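> structure of the sequence below:
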Amino acid sequence: MSGVYQCEASGVEGKVKSSQVQVIIQYGPRAATILRNHQTISGDVTETEDTSRKIPLNCSSDCNPLCKIAWYKDGEQEDSYNPVIDIRRDRRMSGVYQCEASGVEGKVKSSQVQVIIQYGPRAATILRNHQTISGDVTETEDTSRKIPLNCSSDCNPLCKIAWYKDGEQEDSYNPVIDIRRDRRMSGVYQCEASGVEGKVKSSQVQVIIQYGPRAATILRNHQTISGDVTETEDTSRKIPLNCSSDCNPLCKIAWYKDGEQEDSYNPVIDIRRDRRMSGVYQCEASGVEGKVKSSQVQVIIQS
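I've put the predicted structure just below:
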């Protein structure tokens, strides 16, 4: 019933009016509501990060005289007393917002509104033991052990992760991939993070599983030698023998004749068909796992 009141008196001499009286009924607030685009908010407010843009929220409450407004983020009062707060679309502005209206009837708070600023990924990095990898990852073969690599990328909501080996997608979508220390797992690894802002790939990481030697074998014409190697003397010709052993990095090879090391470190030794070259031959392969010797091969040059 707020308004301007006035009375009028009438009689034999006519009519007269009193002065006007302003009646003000003060009230409020009874409720406070957060609006966006003049609509009550149901659920969360979710936007993609763009620091050049803002999210305007309005605290609506009815008071006479006008309500005083305060804003809260995550329970802490903000430095804003305007009915409208402009929230920058920055990941750091994510949080729970609430407004408070105060007036002659006290104070009321609105319902809480969750503001979620989604972002990422901007970059992806492969880590080992929480450290960025510089150079190759090199380990000795041990199939009972693993190399854990972590794909680090920042997203909200959480990034989806995919792993690639030698350009082919792996059946792993976990941020951490456990690479078995098996020679077959050597290769170039890369991870991909995807989110609301698209997809990004990490730098490539070369994983090298070193191994060997486990065995050494003397071959002739690509065949394992069974028995002696017997040839007729002909000093213009040679007997090529190959020391076969599997290593990564390549095995170092040494040759022995009658127990004495030869001055040859090539996987292939060319034995001249000279009677003086007759003897017992053996090769030795060495690598990250130690040294192994082949079986002995008897070479007989007949005259």
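> show me what residue 147 is bridged to.
Counting by DSSP bridges, residue 147 forms beta bridges with residue 179.
> I meant to write residue 280 there.
Note on residue 280: beta-bridge partners residue 298, judged by DSSP bridges.
> which is the succeeding secondary structure element to the host helix or strand of residue 177?
Assigned by DSSP states H and E, residue 177 belongs to strand 176-181. Using DSSP H and E, the helix or strand that directly follows strand 176-181 along the chain is strand 187-195.
> give me the mean pLDDT for that following strand.
Taken as a whole, strand 187-195 has a mean pLDDT of 98.
> try stretch 158-178
96.
> for that stretch, measure first residue to last.
For stretch 158-178, the first and last residues are 20 Å from each other (Cα to Cα, to the nearest Å).
> which residues does it contact?
Around stretch 158-178, the neighbours that count as contacts under Cβ atoms under 8 Å, 6 or more residues apart in numbering are 120-121, 124, 146-153, 185, 187-195, 201. From N, CA and C alone the C-beta is placed, and that goes for glycine too.
> just to revisit the earlier point, list the buried residues for the strand holding residue 177?
Of the residues in strand 176-181, 177, 179, 181 count as buried by neighbour count, 16 or more other Cβ atoms under 10 Å.
> dump those into JSON lines; add distance to residue 36 as well.
Putting these into JSON lines (distance: Cβ to Cβ, whole Å) gives the following:
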{"residue": "177", "distance to residue 36": "42"}
{"residue": "179", "distance to residue 36": "48"}
{"residue": "181", "distance to residue 36": "55"}
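> between those, which is closest to residue 103?
Of all those, the one with the least separation from residue 103 (Cβ to Cβ) is residue 177, at 59.4 Å.
> what's the distance between that closest one and residue 167?
Distance of residue 177 to residue 167, given as Cβ to Cβ, to the nearest Å: 16 Å.
> same thing with residue 23?
Look at residue 23 and residue 167: by Cβ to Cβ, they are 82 Å apart.
> check residue 142 too.
With distances defined as Cβ to Cβ, the gap from residue 142 to residue 167 amounts to 26 Å.
> in this structure residue 283 contacts residue 257, no?
No: between residue 283 and residue 257 no contact is recorded; they are 10.4 Å apart, counting by Cβ atoms under 8 Å.
> returning to that earlier point: now do the strand holding residue 177 against strand 187-195, angle only.
Between the axes of strand 176-181 and strand 187-195, defined by axes from the mean of the first three to the mean of the last three Cα atoms, to 10 degrees, the angle is 170 degrees.
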